[in-house]
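Dropping a prediction and its sequence here:
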Amino acid sequence: MIQILRRSISAAVRTGAVVPTGVMALTVALAASASPASAQTQAEYDTQIRQLMNHPAVRAAMEHIEETDDQTMADLRELTQIPAPPFMEEERGRAFLAKLQEIGVDSAWVDEVGNVIGLRRGTGDGEVLALAGHLDTVFPPETDVTIRESGDTLFAPGIADDTRGLATILAVLRAMNEANVRTDGDVLFIGNVGEEGLGDLRGVKHLFREGGPRIDTFISVDGTSSSGITHMGLGSHRYRVTFIGPGGHSWGAFGLPNPAHAMGRAIRYFQDGADPYVRNAPFRTSYNVGRIGGGTSVNSVPFESWMEIDMRSEGVETLNDVDAILQGAIRRAVAEENDIRTRGEPLTVDVDMIGDRPSGEIAEDHPFVQRAAAVTRALGMEPSFGRSSTDSNIPISMDIPAITIGGGGQGFGAHSLDEWFRNEDGPTGVQRVMLVVLSQVGVTQAS
Ligand SMILES: [Zn+2]
């Protein structure tokens, strides 16, 4: 209510409002709204998006997306059946690169970590937008990625997350080229590596490295949702902690410091500290000891015990606080286990950070988020705003406007062998992605 009130007041005091009619006026209006000082009402964003959709080249591109839906589905089938396990994305990346080149970009390359990047130049010096889908899946190399069909449902691991994103990005490029949509800003069409699991967003981290390509706005196309807009990152830290001791016979060498016992203490102290903290934390926060292992037999003092831990928070500081609780618990557990030993060398511990995804958010009233919402409404859907752990975490944490949106259609069972995709209103999702891109980089002229 407060927000709506503020918006109507700002609309009322606005002076000299110009309703843009021509194409050039549209470009100017879009560029001007990039400044947070010129806060606009929802109705104004809606008007801009309607004007964008009435632009002849944009209208032609939207039609093209519907007419070439078979091609989009063919891309989806082909790419889905090229395995892309974590850290093994090269083959799918090569296929994606070939498709970018075939459809047509000004230049295309593969960077040092395996991100595939195609540059489509704009006409002026507008901002640079990156449109990215992730090449990798969660599935190991031996997984059968053959598509099984049942009616209009396509079953295959990775088909929705995120092969659909890749197919959607290709469809957007194809439609923009076919309809000769000219943009002010450059668009980078990207298939990036390392989104899933231990990939730890390494592809996008590399894109946003110091000295990397200029990117002013970032869109990750991930999954299928045609109405969701993820503009907040969910931060996470992951660790593999290994307790190391001399190891020996459970009877003959009794009294050695025991890595498993130390680990047990560490888990206990971690939870003792984390539980009350999380209950009262200002941001939703979680922690999990997900895997434990080690030891060689029931009658041996282990020489090594290990555990893997995941912690997440909507807040940067709260995530750091839970992390500090873990580190303290580990130090205390090792010290205590070493104190009670009666023989042998003391335990040591390796704390290996295996995941680091920063948190943060782009304000819901940011023009980029609001344009995405207006596009969603213009296509007849109600936008929903959310928080998630996606490739956008990286730019969001750097205060670079970034959102994650779906590539259209229906999908279910991400990260499971029963994952499926159904092409229900798929083209609408593709149109939505394209319109969000165009609303941000500005359309300059018709063919
Ligand atoms: Zn994904």
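Now that the structure is in, tell me what you want to look at.

At the geometric centre of the protein, which residue sits there?
A centroid search over the chain (CA atoms, centre = their mean) returns T390, at 2.2 Å, as the residue closest to the centre.

Show the contacting residues for it.
T390 sits next to E195, S220, D222, T230, G233, T404 when contact means CB atoms under 8 Å, 6 or more residues apart in numbering. C-beta: built from backbone N, CA, C; applies to glycine.

can you check R341 too?
Contacts of R341 (CB under 8 Å, 6+ apart): G255, L256, P257.

ok, back up a step: show me which of the contacts of T390 is closest to G122.
The closest of the contacts of T390 to G122 turns out to be S220 (CB to CB; 20.6 Å).

what about the closest one, helix or strand, and which?
Applying DSSP states H and E as the criterion places S220 in strand 217-221.

can you tell me the average pLDDT over that strand?
Across strand 217-221, the average pLDDT comes to 98.

re earlier: does the residue nearest to the centre of the chain count as helix, strand or coil?
At T390 the chain is in coil, as set by DSSP: H, G, I helix; E, B strand; the rest coil.

And the one 5 residues further on, by the same measure?
Under the three-state scheme (three-state DSSP), the conformation of P395 reads as helix.

Ok, F385 next?
Following three-state DSSP, F385 is assigned to strand.

Can you name the residues that contact it?
Contacts of F385 (CB under 8 Å, 6+ apart): G228, I229, T230, H231, M232, E364, V369, A373.

Please convert these to JSON lines, extending it with pLDDT and neighbour count.
Output for the contacts of F385, formatted as JSON lines (pLDDT from 0 to 100; neighbours: other CB atoms under 10 Å):
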{"residue": "G228", "pLDDT": "97", "neighbour count": "20"}
{"residue": "I229", "pLDDT": "98", "neighbour count": "24"}
{"residue": "T230", "pLDDT": "97", "neighbour count": "28"}
{"residue": "H231", "pLDDT": "97", "neighbour count": "25"}
{"residue": "M232", "pLDDT": "95", "neighbour count": "22"}
{"residue": "E364", "pLDDT": "95", "neighbour count": "14"}
{"residue": "V369", "pLDDT": "98", "neighbour count": "22"}
{"residue": "A373", "pLDDT": "98", "neighbour count": "26"}
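
And these, which is closest to the ion?
The ion lies nearest to T230 out of those, by CB to the ion, at 11.0 Å.

and that closest one, what is it in contact with?
F385, G386, R387, S388, T390, S392, I403, T404, I405.

Can you tell me the closest non-neighbouring residue to the third one?
Read that as R387. If the residues on either side of it in the chain are set aside, R387 comes closest to M232, at 3.7 Å by CB to CB, 6 or more residues apart in numbering.

Assumed the one you found was part of a helix.
No: going by three-state DSSP, the assignment for M232 is strand, not a helix.

That one contacts A363, doesn't it?
No: taking contacts as CB atoms under 8 Å, M232 lies outside contact range of A363: 9.5 Å.

Show me which residues of the chain are close to the ion?
When proximity is defined by CB under 5 Å from the ion, the chain lies next to the ion at D161, D162, D222.

In ChimeraX, how would I select the buried members of those?
Selection of buried members from the residues of the chain next to the ion for ChimeraX, criterion 16 or more other CB atoms under 10 Å:
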select :161,162,222
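
Let me see the ranges of the helices in the chain.
2-13, 23-32, 42-54, 56-67, 69-80, 90-103, 165-178, 202-207, 259-280, 316-340, 367-378, 393-397, 426-441 (DSSP state H).

Now tell me which of the ones you listed the model trusts least on average.
Comparing mean pLDDT across these, the lowest value falls on helix 2-13: a mean of 28.

on that earlier part again, skipping adjacent residues, who's closest to the residue nearest to the centre of the chain in space?
Excluding the flanking residues, the one nearest T390 by CB to CB, 6+ apart is T404, at 4.2 Å.

Please verify my assumption that V349 contacts I244.
Yes: contact criterion CB under 8 Å: V349 and I244 qualify, at 7.0 Å.

Near the nearest residue to S305 once chain neighbours are set aside, how many other residues are there?
Leaving aside its sequence neighbours, S305 sits nearest to G294 (CB to CB, 6+ apart; 3.4 Å). Applying other CB atoms under 10 Å, we find 16 other residues in the vicinity of G294.

pLDDT score for G294?
Confidence at G294, expressed as pLDDT, is 98.

same check, this time on G197
Confidence at G197, expressed as pLDDT, is 82.

go on, G124?
78.

ok, it - contacts?
D184, G185, T444.

If we use 10 Å, what do you get?
The contact partners of G124, taken as CB atoms under 10 Å, 6 or more residues apart in numbering, are T27, A31, R182, T183, D184, G185, D186, V441, G442, T444.
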